[in-house]
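Enquirer: No letters, just coordinates:
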């Protein structure tokens, strides 16, 4: 589809992804790889919506693994520095959710260079971005001491 159609589809998936059952269905329908692609190749709005959707999908343990395996983490880390204020907020939230109870993702997030831009968001981000960055950083700190 067109870039605008992809952005609209990502917006629909974002709205659907607030429901726990839909998170399983969205992943099962194969939406994770195209959402990961949108993180780098979509419109500004598509990047924001894709990051938000992936963040919601990552509230499911199996989806955390699928999202990481689809290569989302480096793209989300890139959005922390290159994205709009909303994209940064959504990317930080997605990284936080990907790190919850997932040691492998915590390591991958740190290795992808997320810590400096997350620290930067603590002072420069939106209110929600600051909260998301703090959550993601807290999990990174816990991972260091295991």
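Expert: All right, it came through fine. Being a predicted model, the structure only gives us computed values, none of them experimental.
Enquirer: what comes into contact with the lengthiest helix in the chain?
Expert: What stands out as the longest helix in the chain, according to DSSP state H, is helix 127-144. Contacts of helix 127-144 from elsewhere in the structure, counted by Cβ atoms under 8 Å, 6 or more residues apart in numbering, are 85, 88-89, 92-93, 95-96, 99-100, 103, 106-107, 109-110, 114-115, 118-119, 121-123, 125. To be clear about C-beta, it is placed using only N, CA and C from the backbone, and glycine gets the same treatment.
Enquirer: For ChimeraX, what selects the buried ones among those residues?
Expert: Applying 16 or more other Cβ atoms under 10 Å to those, the buried members can be selected in ChimeraX as follows:
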select :88,89,92,93,95,96,99,106,109,110,114,115,118,121,125
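Enquirer: now, which of the contacts of helix 127-144 lie within helices?
Expert: Short answer: these in helices (DSSP H) are 85, 88-89, 92-93, 95-96, 99, 103, 106-107, 109-110, 115, 118-119, 121-123.
Enquirer: Just give the closest residue to residue 39, not the sequence neighbours.
Expert: Of all residues not flanking residue 39 in the chain, residue 75 sits nearest, at 3.8 Å (Cβ to Cβ, 6 or more residues apart in numbering).
Enquirer: Tell me who's in contact with residue 70.
Expert: Counted by Cβ under 8 Å, 6+ apart, residue 70 has contacts 32, 33, 36.
Enquirer: List phi and psi for it.
Expert: phi -80, psi 0 (degrees, to the nearest 10).
Enquirer: Quick check: pLDDT value at it.
Expert: Predicted confidence (pLDDT) at residue 70: the value is 98.
Enquirer: Give me the buried positions along the helix or strand containing residue 36.
Expert: Taking DSSP states H and E as the criterion, residue 36 maps to helix 32-41. Using 16+ other Cβ under 10 Å as the test for burial, helix 32-41 gives 32, 35, 36, 37, 38, 39.
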